[in-house]
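Enquirer: need a structure here:
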Amino acid sequence: MMNASLVGVVHEASRYEQITDILGSRYGIKGVLTGDLIDLRQQPASTWSALMNTPSAALGSSRYKLQSGEAQRIVQLLRQQNIRYFLYIGGNDSADTAHQIAQVATEVGYDLRVLCIPKTIDNDLPHTDHCPGYGSAARFVALATMDSALCTEAMPDHYPVKIIEIMGRNAGWLAGATTLGKERAEDAPHLVYLPERPFDAERFLAQVQEIYRQIGFVIIVVAQNIRDAQQQPVGAVGARGHDAFGHPLISGAAEYLTTLVQQELGLRTRFDKPGDLQRMSSATVSTTDREEAYLVGRMAVRYILRGMTDRMVTLVRYPGPRYACETGLVDLASVANTQRLLPDEFIDASGTGMTEAFCNYALPLIGEPLPRYVRLRGL
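Expert: You can find the predicted model right below:
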(Lines give C-alpha, C1' and ligand atoms only; values in the text may rest on other atoms or scores of the structure.)
Protein backbone atom coordinates (compact mmCIF):
# COMPACT_ATOMS: atom_id res chain seq x y z
CA MET A 1 0.00 0.00 0.00
CA MET A 2 3.04 2.28 -0.06
CA ASN A 3 2.32 3.13 -3.67
CA ALA A 4 -1.31 4.03 -3.01
CA SER A 5 -0.22 6.40 -0.22
CA LEU A 6 2.41 7.90 -2.52
CA VAL A 7 -0.25 8.53 -5.17
CA GLY A 8 -2.44 10.17 -2.53
CA VAL A 9 0.43 12.48 -1.58
CA VAL A 10 1.19 13.44 -5.18
CA HIS A 11 -2.45 14.02 -6.11
CA GLU A 12 -3.07 16.20 -3.06
CA ALA A 13 0.23 18.11 -3.21
CA SER A 14 -0.39 18.94 -6.88
CA ARG A 15 -3.45 20.96 -5.88
CA TYR A 16 -1.54 23.65 -3.97
CA GLU A 17 0.41 26.52 -5.53
CA GLN A 18 2.63 26.90 -2.47
CA ILE A 19 4.06 23.43 -3.14
CA THR A 20 6.43 24.12 -6.02
CA ASP A 21 8.26 20.78 -6.13
CA ILE A 22 7.30 17.21 -5.25
CA LEU A 23 10.39 15.10 -4.72
CA GLY A 24 10.62 11.38 -4.07
CA SER A 25 13.53 9.77 -2.22
CA ARG A 26 14.98 6.57 -3.63
CA TYR A 27 15.23 3.75 -1.08
CA GLY A 28 13.66 5.69 1.76
CA ILE A 29 15.86 7.64 4.12
CA LYS A 30 19.00 6.44 2.35
CA GLY A 31 18.02 8.51 -0.69
CA VAL A 32 17.71 11.62 1.47
CA LEU A 33 21.20 11.05 2.86
CA THR A 34 22.75 10.51 -0.57
CA GLY A 35 20.71 13.12 -2.45
CA ASP A 36 19.10 10.45 -4.60
CA LEU A 37 15.86 12.36 -5.22
CA ILE A 38 13.59 12.38 -8.26
CA ASP A 39 11.11 14.99 -9.46
CA LEU A 40 7.73 13.30 -9.25
CA ARG A 41 6.06 16.06 -11.26
CA GLN A 42 7.91 14.79 -14.32
CA GLN A 43 6.08 11.47 -14.27
CA PRO A 44 3.37 10.96 -16.91
CA ALA A 45 -0.13 11.49 -15.53
CA SER A 46 -1.03 7.90 -16.45
CA THR A 47 1.63 6.61 -14.06
CA TRP A 48 -0.33 7.54 -10.97
CA SER A 49 -3.53 5.66 -11.76
CA ALA A 50 -1.50 2.56 -12.70
CA LEU A 51 0.64 2.89 -9.58
CA MET A 52 -2.49 2.55 -7.43
CA ASN A 53 -2.61 -1.08 -8.55
CA THR A 54 1.13 -1.77 -8.49
CA PRO A 55 2.57 -3.72 -5.52
CA SER A 56 5.72 -3.12 -3.50
CA ALA A 57 7.38 0.32 -3.27
CA ALA A 58 7.89 2.24 -6.52
CA LEU A 59 10.46 4.54 -4.91
CA GLY A 60 12.25 1.63 -3.28
CA SER A 61 12.59 1.06 0.43
CA SER A 62 15.25 0.21 2.98
CA ARG A 63 15.75 -0.88 6.56
CA TYR A 64 18.30 1.72 7.50
CA LYS A 65 18.72 2.97 11.07
CA LEU A 66 19.97 6.53 11.40
CA GLN A 67 23.47 6.70 12.81
CA SER A 68 24.72 9.33 15.23
CA GLY A 69 24.61 12.78 13.63
CA GLU A 70 22.69 11.70 10.54
CA ALA A 71 19.40 13.30 11.60
CA GLN A 72 21.30 16.59 11.87
CA ARG A 73 22.84 16.02 8.46
CA ILE A 74 19.42 15.31 6.94
CA VAL A 75 17.96 18.53 8.31
CA GLN A 76 20.97 20.41 6.94
CA LEU A 77 20.51 18.85 3.50
CA LEU A 78 16.80 19.66 3.50
CA ARG A 79 17.56 23.22 4.56
CA GLN A 80 20.04 23.67 1.71
CA GLN A 81 17.30 22.75 -0.77
CA ASN A 82 14.62 24.77 1.05
CA ILE A 83 12.53 21.64 1.58
CA ARG A 84 9.87 22.49 4.16
CA TYR A 85 7.60 19.43 4.17
CA PHE A 86 8.82 15.92 4.88
CA LEU A 87 6.47 12.92 4.62
CA TYR A 88 7.74 9.45 5.49
CA ILE A 89 5.80 6.24 4.83
CA GLY A 90 6.34 3.22 7.07
CA GLY A 91 5.94 1.51 10.42
CA ASN A 92 7.44 1.67 13.91
CA ASP A 93 11.04 2.24 12.85
CA SER A 94 10.04 4.78 10.20
CA ALA A 95 8.12 6.67 12.88
CA ASP A 96 11.31 6.79 14.94
CA THR A 97 13.29 8.13 11.96
CA ALA A 98 10.69 10.83 11.28
CA HIS A 99 10.57 11.73 14.97
CA GLN A 100 14.34 12.20 15.13
CA ILE A 101 14.28 14.50 12.12
CA ALA A 102 11.41 16.55 13.53
CA GLN A 103 13.21 16.96 16.85
CA VAL A 104 16.44 18.12 15.22
CA ALA A 105 14.59 20.63 13.03
CA THR A 106 13.01 22.11 16.15
CA GLU A 107 16.35 22.21 17.97
CA VAL A 108 18.12 24.09 15.17
CA GLY A 109 15.16 26.38 14.50
CA TYR A 110 14.42 25.22 10.96
CA ASP A 111 10.75 25.42 9.97
CA LEU A 112 10.44 21.84 8.73
CA ARG A 113 7.17 20.01 9.12
CA VAL A 114 7.42 16.24 9.44
CA LEU A 115 4.62 13.67 9.28
CA CYS A 116 4.65 9.89 9.15
CA ILE A 117 2.19 8.02 6.92
CA PRO A 118 1.49 4.59 8.44
CA LYS A 119 2.07 1.40 6.47
CA THR A 120 2.79 -2.03 7.91
CA ILE A 121 1.29 -5.45 7.33
CA ASP A 122 2.13 -6.23 10.96
CA ASN A 123 -0.69 -3.89 12.07
CA ASP A 124 1.22 -3.19 15.24
CA LEU A 125 1.32 0.62 15.30
CA PRO A 126 -0.32 2.04 18.44
CA HIS A 127 -2.98 4.76 18.50
CA THR A 128 -4.48 3.85 15.11
CA ASP A 129 -7.37 1.45 14.62
CA HIS A 130 -5.38 -0.36 11.95
CA CYS A 131 -2.55 0.18 9.48
CA PRO A 132 -2.65 0.42 5.69
CA GLY A 133 -1.15 -2.76 4.30
CA TYR A 134 -2.72 -5.00 6.90
CA GLY A 135 -6.07 -5.51 5.18
CA SER A 136 -4.52 -6.80 1.96
CA ALA A 137 -2.04 -9.05 3.74
CA ALA A 138 -4.85 -10.34 5.97
CA ARG A 139 -6.90 -11.16 2.89
CA PHE A 140 -3.95 -13.02 1.39
CA VAL A 141 -3.26 -15.19 4.44
CA ALA A 142 -6.97 -15.95 4.92
CA LEU A 143 -7.33 -17.14 1.32
CA ALA A 144 -4.00 -18.98 1.37
CA THR A 145 -5.05 -20.89 4.48
CA MET A 146 -8.46 -21.77 3.02
CA ASP A 147 -6.91 -22.99 -0.24
CA SER A 148 -4.03 -24.88 1.35
CA ALA A 149 -6.39 -26.57 3.79
CA LEU A 150 -8.57 -27.94 0.98
CA CYS A 151 -5.47 -29.43 -0.61
CA THR A 152 -4.63 -31.25 2.62
CA GLU A 153 -8.24 -32.30 3.11
CA ALA A 154 -8.26 -33.84 -0.38
CA MET A 155 -5.18 -35.99 0.41
CA PRO A 156 -5.03 -36.39 4.19
CA ASP A 157 -2.97 -39.58 4.02
CA HIS A 158 -0.20 -37.85 2.05
CA TYR A 159 0.67 -35.17 4.61
CA PRO A 160 -1.93 -35.19 7.39
CA VAL A 161 -0.30 -32.30 9.26
CA LYS A 162 0.42 -28.96 7.62
CA ILE A 163 2.05 -25.97 9.31
CA ILE A 164 1.72 -22.50 7.76
CA GLU A 165 4.18 -19.86 8.97
CA ILE A 166 2.97 -16.26 8.97
CA MET A 167 4.80 -12.93 9.31
CA GLY A 168 4.09 -10.33 11.97
CA ARG A 169 7.26 -9.76 14.00
CA ASN A 170 6.08 -9.76 17.64
CA ALA A 171 2.34 -9.36 17.09
CA GLY A 172 -0.24 -11.92 15.98
CA TRP A 173 -2.56 -9.68 13.95
CA LEU A 174 -1.66 -11.33 10.65
CA ALA A 175 -1.59 -14.89 11.97
CA GLY A 176 -5.01 -14.31 13.50
CA ALA A 177 -6.36 -13.25 10.11
CA THR A 178 -5.90 -16.80 8.81
CA THR A 179 -9.09 -17.66 10.72
CA LEU A 180 -11.31 -15.21 8.82
CA GLY A 181 -12.50 -17.88 6.39
CA LYS A 182 -13.63 -20.32 9.10
CA GLU A 183 -17.34 -21.15 8.93
CA ARG A 184 -17.33 -24.32 11.08
CA ALA A 185 -15.32 -25.43 14.07
CA GLU A 186 -13.70 -28.17 12.00
CA ASP A 187 -12.56 -25.70 9.31
CA ALA A 188 -8.91 -24.71 9.11
CA PRO A 189 -6.89 -23.46 10.76
CA HIS A 190 -7.42 -25.80 13.67
CA LEU A 191 -4.67 -24.28 15.80
CA VAL A 192 -3.16 -20.78 15.70
CA TYR A 193 -0.03 -20.06 17.72
CA LEU A 194 0.52 -16.38 18.46
CA PRO A 195 3.46 -14.38 19.86
CA GLU A 196 1.13 -13.08 22.56
CA ARG A 197 0.87 -16.53 24.17
CA PRO A 198 3.83 -18.68 25.34
CA PHE A 199 4.37 -21.82 23.30
CA ASP A 200 4.39 -25.16 25.14
CA ALA A 201 5.69 -28.09 23.09
CA GLU A 202 3.94 -30.81 25.12
CA ARG A 203 0.58 -29.08 24.90
CA PHE A 204 1.14 -28.49 21.19
CA LEU A 205 1.77 -32.18 20.52
CA ALA A 206 -1.27 -33.20 22.57
CA GLN A 207 -3.51 -30.78 20.64
CA VAL A 208 -2.21 -31.96 17.27
CA GLN A 209 -2.71 -35.61 18.19
CA GLU A 210 -6.27 -35.02 19.42
CA ILE A 211 -7.36 -33.10 16.30
CA TYR A 212 -5.78 -35.73 14.07
CA ARG A 213 -7.69 -38.43 15.95
CA GLN A 214 -10.95 -36.53 15.48
CA ILE A 215 -10.83 -35.49 11.81
CA GLY A 216 -7.80 -37.19 10.27
CA PHE A 217 -5.71 -34.12 9.43
CA VAL A 218 -4.51 -30.91 11.11
CA ILE A 219 -3.86 -27.42 9.73
CA ILE A 220 -1.70 -25.30 12.02
CA VAL A 221 -0.84 -21.62 11.70
CA VAL A 222 2.23 -20.38 13.51
CA ALA A 223 3.45 -16.80 13.78
CA GLN A 224 7.11 -16.66 12.87
CA ASN A 225 8.14 -15.20 16.24
CA ILE A 226 6.33 -17.42 18.72
CA ARG A 227 8.26 -17.84 21.97
CA ASP A 228 8.37 -20.33 24.80
CA ALA A 229 7.75 -19.56 28.48
CA GLN A 230 11.32 -18.27 28.80
CA GLN A 231 10.71 -15.86 25.89
CA GLN A 232 13.06 -17.76 23.63
CA PRO A 233 11.96 -17.81 19.97
CA VAL A 234 10.86 -21.27 18.91
CA GLY A 235 12.50 -20.60 15.56
CA ALA A 236 15.84 -19.64 17.10
CA VAL A 237 17.33 -22.74 15.55
CA GLY A 238 17.14 -20.90 12.26
CA ALA A 239 18.15 -17.44 13.51
CA ARG A 240 19.92 -15.34 10.91
CA GLY A 241 21.23 -12.40 12.91
CA HIS A 242 19.53 -9.02 13.35
CA ASP A 243 18.34 -6.24 11.08
CA ALA A 244 19.59 -2.65 11.25
CA PHE A 245 17.16 -1.84 14.06
CA GLY A 246 18.24 -4.77 16.22
CA HIS A 247 15.19 -6.94 15.48
CA PRO A 248 16.17 -10.64 15.31
CA LEU A 249 15.83 -12.22 11.87
CA ILE A 250 14.09 -15.36 13.07
CA SER A 251 13.47 -18.23 10.73
CA GLY A 252 12.72 -21.82 11.51
CA ALA A 253 9.54 -21.97 13.63
CA ALA A 254 7.69 -23.99 11.01
CA GLU A 255 10.70 -26.20 10.31
CA TYR A 256 11.19 -26.88 14.01
CA LEU A 257 7.54 -27.78 14.60
CA THR A 258 7.46 -29.97 11.50
CA THR A 259 10.39 -31.98 12.81
CA LEU A 260 8.85 -32.12 16.28
CA VAL A 261 5.56 -33.59 15.03
CA GLN A 262 7.30 -36.14 12.82
CA GLN A 263 9.65 -37.30 15.55
CA GLU A 264 7.21 -37.32 18.47
CA LEU A 265 3.94 -38.30 16.79
CA GLY A 266 5.16 -40.14 13.72
CA LEU A 267 2.85 -38.14 11.43
CA ARG A 268 3.98 -36.98 8.02
CA THR A 269 4.16 -33.21 8.20
CA ARG A 270 4.97 -30.41 5.81
CA PHE A 271 5.12 -26.66 6.08
CA ASP A 272 4.26 -23.70 3.88
CA LYS A 273 5.95 -20.29 4.20
CA PRO A 274 4.28 -17.69 1.97
CA GLY A 275 7.08 -15.28 2.85
CA ASP A 276 7.14 -11.97 0.98
CA LEU A 277 4.02 -12.90 -0.98
CA GLN A 278 2.06 -11.92 2.13
CA ARG A 279 2.97 -8.28 1.66
CA MET A 280 3.16 -7.89 -2.10
CA SER A 281 0.53 -10.06 -3.76
CA SER A 282 -1.44 -7.87 -6.18
CA ALA A 283 -4.03 -10.65 -6.64
CA THR A 284 -5.48 -10.25 -3.15
CA VAL A 285 -5.45 -6.50 -2.62
CA SER A 286 -8.24 -5.31 -0.36
CA THR A 287 -10.15 -2.45 -1.99
CA THR A 288 -10.79 -1.01 1.46
CA ASP A 289 -7.08 -1.14 2.23
CA ARG A 290 -6.11 0.56 -1.02
CA GLU A 291 -8.66 3.35 -0.57
CA GLU A 292 -7.51 4.01 2.98
CA ALA A 293 -3.83 3.98 2.00
CA TYR A 294 -4.64 6.62 -0.61
CA LEU A 295 -6.66 8.57 1.96
CA VAL A 296 -3.88 8.78 4.56
CA GLY A 297 -1.51 10.00 1.84
CA ARG A 298 -3.85 12.82 0.86
CA MET A 299 -4.65 13.74 4.44
CA ALA A 300 -0.97 13.87 5.34
CA VAL A 301 -0.54 16.71 2.85
CA ARG A 302 -3.55 18.57 4.25
CA TYR A 303 -2.36 18.18 7.82
CA ILE A 304 1.16 19.30 7.05
CA LEU A 305 -0.10 22.40 5.25
CA ARG A 306 -2.08 23.24 8.39
CA GLY A 307 1.19 23.40 10.30
CA MET A 308 1.16 19.93 11.87
CA THR A 309 4.53 18.32 12.53
CA ASP A 310 6.11 15.44 14.45
CA ARG A 311 2.87 13.47 14.07
CA MET A 312 1.58 10.30 12.41
CA VAL A 313 -1.68 10.10 10.50
CA THR A 314 -4.08 7.61 12.09
CA LEU A 315 -7.24 5.79 11.08
CA VAL A 316 -10.14 6.22 13.48
CA ARG A 317 -13.06 3.79 13.20
CA TYR A 318 -16.57 5.12 13.66
CA PRO A 319 -18.64 3.26 16.26
CA GLY A 320 -21.60 1.23 15.07
CA PRO A 321 -22.32 -1.82 12.91
CA ARG A 322 -21.48 -0.16 9.58
CA TYR A 323 -17.75 0.13 8.93
CA ALA A 324 -16.35 3.59 8.26
CA CYS A 325 -13.15 5.44 9.15
CA GLU A 326 -11.85 8.95 9.38
CA THR A 327 -8.29 10.15 9.89
CA GLY A 328 -6.62 11.70 12.91
CA LEU A 329 -3.15 12.50 14.24
CA VAL A 330 -0.95 11.22 17.04
CA ASP A 331 2.43 12.40 18.36
CA LEU A 332 5.32 10.46 16.85
CA ALA A 333 6.94 10.17 20.25
CA SER A 334 4.16 7.79 21.31
CA VAL A 335 4.53 5.65 18.16
CA ALA A 336 8.27 5.38 17.61
CA ASN A 337 9.69 1.97 18.54
CA THR A 338 6.40 0.94 20.16
CA GLN A 339 4.31 -2.09 19.25
CA ARG A 340 0.61 -2.80 19.73
CA LEU A 341 -0.02 -6.48 20.40
CA LEU A 342 -3.29 -8.36 20.05
CA PRO A 343 -5.58 -7.51 22.97
CA ASP A 344 -6.79 -10.37 25.14
CA GLU A 345 -10.38 -9.99 23.94
CA PHE A 346 -9.29 -10.99 20.41
CA ILE A 347 -7.73 -14.31 21.55
CA ASP A 348 -10.00 -17.16 22.65
CA ALA A 349 -9.74 -18.99 25.96
CA SER A 350 -7.64 -21.80 24.50
CA GLY A 351 -5.00 -19.34 23.33
CA THR A 352 -4.93 -21.05 19.93
CA GLY A 353 -7.89 -19.40 18.23
CA MET A 354 -9.54 -16.05 17.66
CA THR A 355 -12.75 -14.62 19.05
CA GLU A 356 -15.80 -13.21 17.32
CA ALA A 357 -14.63 -9.76 18.42
CA PHE A 358 -11.48 -10.20 16.33
CA CYS A 359 -13.48 -11.27 13.28
CA ASN A 360 -15.75 -8.26 13.65
CA TYR A 361 -12.66 -6.07 13.79
CA ALA A 362 -10.74 -7.60 10.89
CA LEU A 363 -13.37 -8.64 8.33
CA PRO A 364 -14.23 -5.08 7.19
CA LEU A 365 -10.55 -4.45 6.47
CA ILE A 366 -10.10 -7.22 3.89
CA GLY A 367 -12.52 -5.76 1.34
CA GLU A 368 -14.92 -8.00 -0.54
CA PRO A 369 -16.29 -11.04 1.34
CA LEU A 370 -14.14 -14.15 1.14
CA PRO A 371 -15.38 -16.89 -1.22
CA ARG A 372 -17.53 -19.64 0.22
CA TYR A 373 -16.23 -23.06 -0.76
CA VAL A 374 -18.51 -26.08 -0.97
CA ARG A 375 -18.07 -29.80 -0.47
CA LEU A 376 -19.84 -32.68 -2.16
CA ARG A 377 -22.72 -34.10 -0.21
CA GLY A 378 -22.14 -37.50 1.31
CA LEU A 379 -18.39 -37.03 1.66
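Enquirer: now the terminal residues of stretch 103-112, how far apart.
Expert: End-to-end distance for stretch 103-112: 10 Å, by Cα to Cα, to the nearest Å.
Enquirer: contacts for it, please.
Expert: With contacts defined as Cβ atoms under 8 Å, 6 or more residues apart in numbering, stretch 103-112 is touched by 71-72, 74-75, 78-79, 83-86, 101-102, 114, 309-310. Where you see a C-beta, it was placed from the backbone N, CA and C, and this is true even at glycine.
Enquirer: now with 6 Å?
Expert: A71, Q72, V75, R79 (Cβ atoms under 6 Å, 6 or more residues apart in numbering).
Enquirer: and if you look at stretch 265-272?
Expert: S148, Y159, P160, V161, K162, I163, I164, Q209, A254, T258, V261, Q262.
Enquirer: can you check stretch 315-330 too?
Expert: Contact partners of stretch 315-330, identified using Cβ under 6 Å, 6+ apart, comprise H127, T128, D129, H130, M299, R311, M312, V313, T314, P364.
Enquirer: for the strand or helix carrying the fifth one, give the mean pLDDT please.
Expert: M299 is part of helix 287-305 when elements are defined by DSSP states H and E. Regarding helix 287-305, the rounded mean pLDDT is 98.
Enquirer: partners of the following helix or strand past it, with directions?
Expert: The first helix or strand that comes after helix 287-305 along the chain, using DSSP H and E, is strand 311-317. Here strand 311-317 has these sheet partners by DSSP bridges: strand 113-118 (parallel), strand 325-331 (antiparallel).
Enquirer: tell me where the model's unsure across the protein.
Expert: For the chain, the stretches with pLDDT under 70 are 236-251.
Enquirer: what about the strands in it?
Expert: With DSSP state E, the ranges of strands along the chain come out as 23-25, 37-39, 85-90, 113-118, 161-166, 191-193, 218-223, 269-272, 311-317, 325-331.
Enquirer: so which elements touch the first one?
Expert: With contacts defined as 3 or more Cβ pairs under 6 Å, 6 or more residues apart in numbering; DSSP states H and E, the packing partners of strand 23-25 are strand 37-39.
Enquirer: the same query, at a cut-off of 10 Å, please.
Expert: helix 2-13, helix 29-34, strand 37-39, strand 85-90 (3 or more Cβ pairs under 10 Å, 6 or more residues apart in numbering; DSSP states H and E).
Enquirer: that one: which residues count as buried?
Expert: For strand 23-25, burial by neighbour count (16 or more other Cβ atoms under 10 Å) applies to G24, S25.
Enquirer: what strands line up against it, and which way round?
Expert: Strand 23-25 has the following strand partners under DSSP bridges: strand 37-39 (antiparallel).
Enquirer: these two touch, right, G216 and E153?
Expert: Yes. Counting by Cβ atoms under 10 Å, E153 is a contact partner of G216 at 8.8 Å.
Enquirer: show me which of the contacts of stretch 265-272 is closest to R227.
Expert: Comparing these against R227 with Cβ to Cβ places A254 closest, at 14.8 Å.
Enquirer: ok, now how distant is the residue in the chain sticking out farthest from the centre from E368?
Expert: No residue in the chain sits farther from the centre than G378, which is 40.5 Å out by Cα atoms, centre = their mean. Note on G378: its distance to E368, by Cβ to Cβ, to the nearest Å, is 31 Å.
Enquirer: can you list the domains in the protein?
Expert: What automatic domain parsing lists as the domains of the chain is 2-132+283-334, 137-281+341-366.
Enquirer: any chance of those in a markdown table, with distance to Y373 too?
Expert: Shown next, in a markdown table, are the domains of the chain (distance: least, Cβ to Cβ, whole Å):
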| stretch | distance to Y373 |
| --- | --- |
| domain 2-132+283-334 | 16 |
| domain 137-281+341-366 | 7 |
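Enquirer: looking at these, which is nearest to R372?
Expert: domain 137-281+341-366 (7.3 Å).
Enquirer: right, and Q278 touches G168 too?
Expert: Yes. At 9.1 Å, Q278 counts as touching G168 under the criterion of Cβ under 10 Å.
Enquirer: list residues touching both of these two?
Expert: Both Q278 and G168 are contacted by I121, A137, V141, L174, A177, under the criterion Cβ atoms under 10 Å, 6 or more residues apart in numbering.
Enquirer: in helices only, show me those.
Expert: Filtering those for membership in helices, criterion DSSP state H, returns A137, V141, L174.
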